[in-house]
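Student: Sequence below, structure please.
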Amino acid sequence: MSLPRPHPAARAVVTGASSGIGAALAEGLAARGHALILVARRVDRMEELAGRLRRDRAVEVEVRGCDLADVRDRRALCGELADRTISVLCNNAGFATFGGFSALDAAREREEVEVNVVAVHELTAAVLPGMVARGSGAVLVTGSTAGHQPMPGAATYSASKAFVNTFAEALHAELRGTGVTCTLLAPGPVRTGFTAVADVPEFERRAPGFVWVSAEQAAGQALTAMERGRRRAVPGAFAVAGTVGGRYTPRAVLLPVLTKVIGALT
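Tutor: Below you'll find the model as predicted:
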């Protein structure tokens, strides 16, 4: 089994744990007996989740209010995690923006890169040396099918997910034989608060039902893939098709199609 066994002194860390896939990952890890550190900005939601997991799963749960777009918050969190025994890291926090890049708020675009890319890089760098030294650990990176293709109308998001998709798969190969694994979760559309945060609430109504998976389905497939030491998990038939299409369709064909589709959905 590639997912480390629970230990009272070790912690599994989940970022973006206040809702959606992050909350479902926390539920799944607690069900397997892992003590947790939950990380997100919305402390009230995490405290509610933590209370339920302590009661129902009898595991220790710590809550860290942290804005991963803020360098000082990230630095403090990385410093703490580097000094502790972290057995599992789920890099799940992230968000998207939609619209023409030249018209979007530049500060918000930078925050997107800080959360989706820099935080994943820094948190992984903080815990990985300890995992390798112990010969045990598991890292999950929540990427996206968007990272397999440039997306006009979501340029920063697709570029940020291209980074973490590639980062996770490269680490998976680098870590072979160390006792530590890295798995990429690359979902398509997932029913969470994602579209509300991205300020495109109509997306959920306009996108057909067959493209969606639940947060529980995505998290469940991610944890199964981690247990089996797999390189990646792609939940749902639509996400699988999107992965193949994004990788192999000629850009001259793909880009005009994506421009129309994203424009119609947002």
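Student: Could I get the full set of helices for the stretch 1-150 of the chain?
Tutor: Along the stretch 1-150 of the chain, counting by DSSP state H, counting those that start in this stretch, helices occupy 20-31, 43-57, 71-82, 106-113, 119-134.
Student: so what secondary structure elements neighbour the shortest one?
Tutor: Right, helix 106-113. Contact here means 3 or more C-beta pairs under 8 Å, 6 or more residues apart in numbering; DSSP states H and E; on that basis helix 106-113 packs against helix 155-174. No exception for glycine: its C-beta is placed from N, CA and C like everyone else's.
Student: Give me the distance between the helix it packs on and the centre of its chain.
Tutor: Relative to the mean C-alpha coordinate of its chain, helix 155-174 is positioned 11 Å out (C-alpha atoms, centre = their mean, to the nearest Å).
Student: now swap in stretch 250-264 and tell me
Tutor: Averaging C-alpha positions (C-alpha atoms, centre = their mean) puts stretch 250-264 25 Å from its chain's average.
Student: thinking again about what came up before, need the helices of the stretch 1-150 of the chain in TSV with mean neighbour count and distance to A155, can you?
Tutor: TSV is the format used below for the helices of the stretch 1-150 of the chain (neighbours: other C-beta atoms under 10 Å; distance: least, C-beta to C-beta, whole Å):
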stretch	mean neighbour count	distance to A155
helix 20-31	25	23
helix 43-57	16	30
helix 71-82	16	23
helix 106-113	14	9
helix 119-134	19	19
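Student: Make JSON lines out of these and add distance to T166.
Tutor: As requested, these are exported to JSON lines (distance: least, C-beta to C-beta, whole Å):
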{"stretch": "helix 20-31", "distance to T166": "20"}
{"stretch": "helix 43-57", "distance to T166": "30"}
{"stretch": "helix 71-82", "distance to T166": "21"}
{"stretch": "helix 106-113", "distance to T166": "15"}
{"stretch": "helix 119-134", "distance to T166": "11"}
